[in-house]
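S.K.: Build me a model:
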Amino acid sequence: QVQLVESGGGLVQAGGSLRLSCAASGRTFSNSGMGWFRQAPGKERVFVAAINWSGFRTSYLDSVKGRFTISRDNAKNTMYLQMNSLKPEDTAVYYCAARGPYYTLSASAYDYSYWGQGTQVTVSS
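M.R.: Modelled structure (predicted):
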């Protein structure tokens, strides 16, 4: 059974930092692109960041460039999202996602086959 489990969300003041983790189990994702998406109340789920299997290629939503860093540790089957200089508009439920084997990174939610349950990030002003 394939499972993605996010952790690390919480409440933080504007300007603060959080590090999200996404632990995968049930199969290896070391040959798959993975990504982070977020969904604010009343809004659609949107792309935040993605990373290819090796970690050498990444892609970011324009509004998080320079503040967020996506990374992965294939030996631990885990992906991370370091979020710095957080803003109230970053408040959302953050989801990790993984593609099937040998598919690279993508900014489209439709390209991802596996999803976590989400972790809440709340940034107060």
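S.K.: Excluding chain neighbours, what is closest to the spatially most central residue of the chain?
M.R.: The centroid of the chain falls nearest to Trp36 when counting by CA atoms, centre = their mean (2.4 Å). Excluding the flanking residues, the one nearest Trp36 by CB to CB, 6 or more residues apart in numbering is Val48, at 4.4 Å. Using the backbone N, CA and C atoms, a C-beta is placed for each residue, glycine as well.
S.K.: Likewise for Ser71?
M.R.: Nearest to Ser71 is Tyr80, by CB to CB, 6+ apart, at 4.9 Å.
S.K.: what's next to the helix or strand harbouring that neighbour, contact-wise?
M.R.: Using DSSP states H and E, Tyr80 sits in strand 78-83. Residues outside strand 78-83 that contact it (CB atoms under 8 Å, 6 or more residues apart in numbering): 17-24, 29, 34, 36, 48-49, 51, 64, 67-73, 90, 94, 96, 121.
S.K.: List the buried residues for that strand?
M.R.: Thr78, Met79, Tyr80, Leu81, Met83 (16 or more other CB atoms under 10 Å).
S.K.: Run me through the strand neighbours of that strand, direction for each.
M.R.: When pairing is defined by DSSP bridges, strand 78-83 lines up against strand 18-25 (antiparallel), strand 68-73 (antiparallel).
S.K.: Tell me which of the ones you listed sits nearest to Gln1.
M.R.: Gln1 lies closest to strand 18-25 among those, at 8.0 Å (CB to CB).
S.K.: Just checking the distance from that closest one to the centre of its chain.
M.R.: Relative to the centre of its chain, strand 18-25 is centred 8 Å away, using CA atoms, centre = their mean, to the nearest Å.
S.K.: Direction included, what does the helix or strand that that strand is followed by pair against?
M.R.: Downstream of strand 18-25, the first helix or strand assigned by DSSP H and E is strand 34-39. Sheet pairing of strand 34-39 (DSSP bridges) gives strand 46-51 (antiparallel), strand 92-98 (antiparallel).
S.K.: Contacts for strand 34-39, please.
M.R.: Against strand 34-39 from outside (CB under 8 Å, 6+ apart): 20, 22, 45-51, 70, 72, 79, 81, 90, 92-99, 105-107, 109, 112, 118, 121.
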